[in-house]
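K.L.:
Okay, predicted coordinates and the sequence, questions at the end:
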Amino acid sequence: MEINLLGVLPEALLIDLPEIDVQHEEIFRRIEQLKADCYGSGPVSFDEFDGLLDYLKYHFSTEESVAAEAGASFGEHAKIHRQNLRKLRKAFDEVRQGTRDVHSFLRYVEYWFERHINEEDKPFASSVRECRLKSPVAILPESGP
Ligand SMILES: [Fe+2]
Ligand SMILES: [Fe+2]
């Protein structure tokens, strides 16, 4: 699969699963866009924050599907995703209620995301690669008479 990364995702955070790296790149891109918007002069739309959290949910389900397809275990990782999403939504609720500022929220999201890639997604990628290597290669039928 050919991927076209925009350069927001640091190379050190690539996990060598292209379908997942592309989504990590998109998440960093959205965080960067929100940071830029929050330093601009206009009011910040909370819809973009909701969009980021929805995209994270979608991303977590993609990782779950990739693990299932490869036959890799994912129970603990899925649990961490659920806990993380709860914490992120709680932090964003604080922004809505005015008890946390958007910059604090974005610093939190960025720190959390980088840590999650290093501590959970990298081992996950290794186990997916291992499972893919172990699974039998499909033998295609020969063509022609
Ligand atoms: Fe991830
Ligand atoms: Fe993950």
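P.N.:
Looks like it came in fine. Numbering: from 1, shown residues only. Ligands and ions are numbered 1, 2, ... in the order given.
K.L.:
In terms of helices and strands, where is residue 16?
P.N.:
When elements are assigned from DSSP states H and E, residue 16 belongs to no helix and no strand.
K.L.:
Counting neighbours, what do you get for it?
P.N.:
Residue 16 is flanked by 11 other residues according to other CB atoms under 10 Å. Every C-beta, even on glycine, is put in place using the N, C-alpha and C of the backbone.
K.L.:
For it, which non-adjacent residue is spatially closest?
P.N.:
residue 125 (6.1 Å; CB to CB, 6 or more residues apart in numbering).
K.L.:
how much space between that neighbour and residue 70?
P.N.:
According to CB to CB, to the nearest Å, residue 125 and residue 70 sit 10 Å apart.
K.L.:
re earlier: is the residue nearest to residue 16 in a helix, a strand, or coil?
P.N.:
Classification of residue 125 using DSSP: H, G, I helix; E, B strand; the rest coil returns helix.
K.L.:
And residue 9, by the same measure?
P.N.:
Assigned with three-state DSSP, residue 9 falls in the coil class.
K.L.:
I'm done for today, thanks for sticking with me.
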